[in-house]
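Novice: When you get a sec, could you give me coordinates for this:
(chains A and B)
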Amino acid sequence: MWNRRKEEENAPKPVSAPPTSSEFAKEGIPMSTLPTRSGEPHPDLSRGTSAVLGKSVIVKGEIHGREDLTIDGEVEGTIELQEHRLTIGTNAKVNATVKAREIVVLGTLHGNVETRDKVEIRKEAKLVGDIRTARIVIEDGAYFKGTVDIIRAETPKPQAVVAPKPQPVASATVPNTGSPSTSGRPAPPSIAAAGGDIKR
Amino acid sequence: MQREALVGSDTRQSHGLDQFCASLEERPGLSILDFAGGSQATISFITGYGHRLYSDDFLHQLDLCFGSAPGDFFENQSNPLLVSKFIENALPFAEESFDGALVWDALQFLSPALLQTVVTRLYGVLRPGSSLLAMFHTEERIDTIATYAYRIQDHRTVQMTAPAQRRPAQIFSNRSLEKMFQDFHSVKFFLTRDRLREVIVRR
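Specialist: Got it, this is the predicted structure:
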């Protein structure tokens, strides 16, 4: 009890408080990985973290990432974010081949685009290039020049399950429902089997 | 129908589109060229058949090439350098790349010299047996005609949005259209109540 004050004095003190996201913003860091900032319009910042290439950043070369990325600067080369979302910001000028899970274009993108999930071209955005995607959203006022090739979701192939031949003893206990599996044809895939083939 | 009075959008029942869409049902995996620019409705409709769609705003390319250069818009269309640049930008395709073309009303704004070049190029990029849908204003003695952004709603309904007035390069008669598409296999006209003549041309 008598030593409490002394203990408090000896306790390690942080050199400075960790910077908040707003402080990052004030400093104007052009390239960063930031936690979600509330009030920002970027759709990719609505969940988890997102890397940001700021307005003044110019990149020539390859970008590979394992997190969502927002580009507001200039990029020339290739961008690969296989499992993540790429946002081309309103100020961005991107001249690159792009592969990502999802791409949202608000600025200018020249280059071929391939996504597993979705491409969104927002109003005032410009995309010149060929698109391969599962889904596409184009808002009125967007400019698009190129080919749209929709990738159909892979339908799981029915597994070749050999239906057991009805045996005289079994047929006496299992009623014949007339389903394919009991009539000798291959059984339809079970839900679990089908789910195992779906790629996310 | 008074197209000039339109403010927002209108829908049109199109026999020409109906005929065009019949050719889309032959098999999946066709390549279709659309001059109306990328729109959600048309992309969803065409890719819904399992086809690939190439979209570009042909009139935007036209303005970009001939409107931004000094001089008269239509006179510029006779400039070989500009024509070459335009073809390179608007129709940069290999021979026989497409199984169908949605040209809409774009050809009306091409001067005769450029028009023939474009039609010849369209003939080249289309595969034999493929269809081309085009529309032409019928009213003569008119300074400007309405042009639209065309969006396919279903196999015979097209939504016409964002109307704008443009000066046509020429007004076409059935005879002049037949002459223009004389290299193609056939030309079929669809009579409409309004002032748009629909044409299906078979390569």
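Novice: need the strands for chain A, in chain order.
Specialist: For chain A, the strands defined by DSSP state E occupy A:31-34, A:50-53, A:58-64, A:68-71, A:74-88, A:93-105, A:108-110, A:113-121, A:126-128, A:131-133, A:135-138, A:143-150.
Novice: Please, where are all the helices along chain B?
Specialist: Here chain B has its helices, by DSSP state H, at B:15-24, B:40-48, B:58-62, B:73-76, B:80-90, B:112-125, B:174-180.
Novice: closest to chain A out of the ones you listed?
Specialist: Closest approach to chain A among the helices of chain B is made by helix B:40-48 (4.2 Å; C-beta to the nearest C-beta). All C-beta atoms are positioned from the backbone trio N, CA, C, and that covers glycine.
Novice: How about that closest one, which residues are buried there?
Specialist: B:41-47 (16 or more other C-beta atoms under 10 Å in any protein chain shown).
Novice: Stretch B:78-95 too?
Specialist: For stretch B:78-95, a neighbour-count test (16+ other C-beta under 10 Å) marks B:79, B:82-83, B:85-87, B:90-91, B:93 as buried.
Novice: Turn the helices of chain B into CSV, including mean pLDDT.
Specialist: As requested, the helices of chain B are arranged in CSV below (pLDDT from 0 to 100):
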stretch, mean pLDDT
helix B:15-24, 91
helix B:40-48, 92
helix B:58-62, 92
helix B:73-76, 90
helix B:80-90, 93
helix B:112-125, 94
helix B:174-180, 90
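Novice: Make CSV from these and add distance to chain A to it.
Specialist: What follows is those, written out as CSV (distance: least, C-beta to the nearest C-beta, whole Å):
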stretch, distance to chain A
helix B:15-24, 14
helix B:40-48, 4
helix B:58-62, 7
helix B:73-76, 21
helix B:80-90, 9
helix B:112-125, 13
helix B:174-180, 26
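Novice: Could you say which one of those comes nearest to A:Gly141?
Specialist: Closest approach to A:Gly141 among the helices of chain B (C-beta to C-beta): helix B:40-48, 11.5 Å.
Novice: who's in contact with the closest one?
Specialist: A:136-139, A:148-150, B:24, B:32, B:34, B:36, B:53, B:55, B:102, B:150-154, B:159 (C-beta atoms under 8 Å, 6 or more residues apart in numbering or on different chains).
Novice: next one: it to chain centre, how far?
Specialist: 17 Å (C-alpha atoms, centre = their mean, to the nearest Å).
Novice: And the buried residues of helix B:40-48, which two are furthest apart?
Specialist: B:Ala41 and B:Thr47 (11.2 Å).
Novice: Can you show me the strands along chain B?
Specialist: According to DSSP E, the strands that chain B contains are B:9-13, B:31-34, B:52-55, B:98-104, B:126-137, B:145-154, B:157-166, B:186-190, B:196-202.
Novice: Any idea which of the ones you listed gets closest to chain A?
Specialist: Closest of those to chain A is strand B:52-55, at 4.7 Å (criterion: C-beta to the nearest C-beta).
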